[in-house]
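>>> this one's sequence-less:
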């Protein structure tokens, strides 16, 4: 299990411009892909039909939005802000799915803090999130995730 970097809410601004850290590797197995397909109703064959995908593409691939949905879980392995009463997912900018994630691939999150700004009585944190695939040069996803934290 990753040992997240810890920072006090009062010191968040010190992260701006820095790489924050990297999560552990996590395997994206077919069970997770199938559960995501059931949750979203996206049962396209490239994700869930193992036989057809094996013949046509070599294997099934994870949904791009499954990869994006891993940000909160993986982000908790990278950074823990102490003294926060609540955090609100404000959105994402510049989301790009830059590579496919074949079934049974291992992925991890690399995060860089782009900015910390005052927002609605809290602090808006913009992070560059890169989901890397083990053994691949190109990441699966690059996005700017935005969270508002309150102390």
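The structure has been received and is ready for your questions. Just so you know, these numbers come straight off a predicted model, no measurement behind them. Residues are numbered from 1 along each chain as shown.
>>> What are the neighbouring residues in contact with residue 72?
Listed by Cβ atoms under 8 Å, 6 or more residues apart in numbering, the contact partners of residue 72 are residue 89. In short, each C-beta sits where N, CA and C put it, glycine included.
>>> Could you measure from it over to residue 88?
12 Å (Cβ to Cβ, to the nearest Å).
>>> low-confidence ranges in the chain?
Applying pLDDT under 70 to the chain flags the ranges 1.
>>> let's go with 90 and repeat that
Within the chain, the ranges that satisfy pLDDT under 90 run 1-3.
>>> Go through it and flag its longest strand.
Counting residues, the longest strand in the chain under DSSP state E turns out to be strand 105-119.
>>> strand partners of that strand, parallel vs antiparallel please.
strand 19-22 (antiparallel), strand 26-28 (antiparallel), strand 122-133 (antiparallel) (DSSP bridges).
>>> Pick the most buried one from these.
Among the strands paired with strand 105-119, strand 122-133 has the highest mean neighbour count (mean count of other Cβ atoms under 10 Å), at a mean of 21.
>>> now the helix or strand following that one: how far from the chain's centre is it?
Counting by DSSP states H and E, the next helix or strand C-terminal to strand 122-133 is strand 141-150. Offset of strand 141-150 from its chain centre (Cα atoms, centre = their mean, to the nearest Å): 10 Å.
>>> tilt between strand 141-150 and strand 105-119?
Following axes from the mean of the first three to the mean of the last three Cα atoms, to 10 degrees, one obtains 40 degrees for the angle between strand 141-150 and strand 105-119.
>>> Show me which residues of strand 141-150 are buried.
Residues of strand 141-150 classed as buried by neighbour count (16 or more other Cβ atoms under 10 Å): 141, 142, 143, 144, 145, 146, 147, 148, 149.
>>> Just the buried residues of the strand or helix carrying residue 31, please?
Using DSSP H and E, residue 31 sits in helix 30-40. Across helix 30-40, burial judged by 16+ other Cβ under 10 Å covers 32, 33, 36, 37.
>>> Help me confirm that residue 5 comes into contact with residue 21.
Yes - here residue 5 reaches residue 21: they are 4.9 Å apart, a contact under Cβ atoms under 8 Å.
>>> Now the common contact residues for the two.
Here residue 5 and residue 21 share the contacting residues 78, 79, scored by Cβ under 8 Å, 6+ apart.
>>> Alright, I will stop here.
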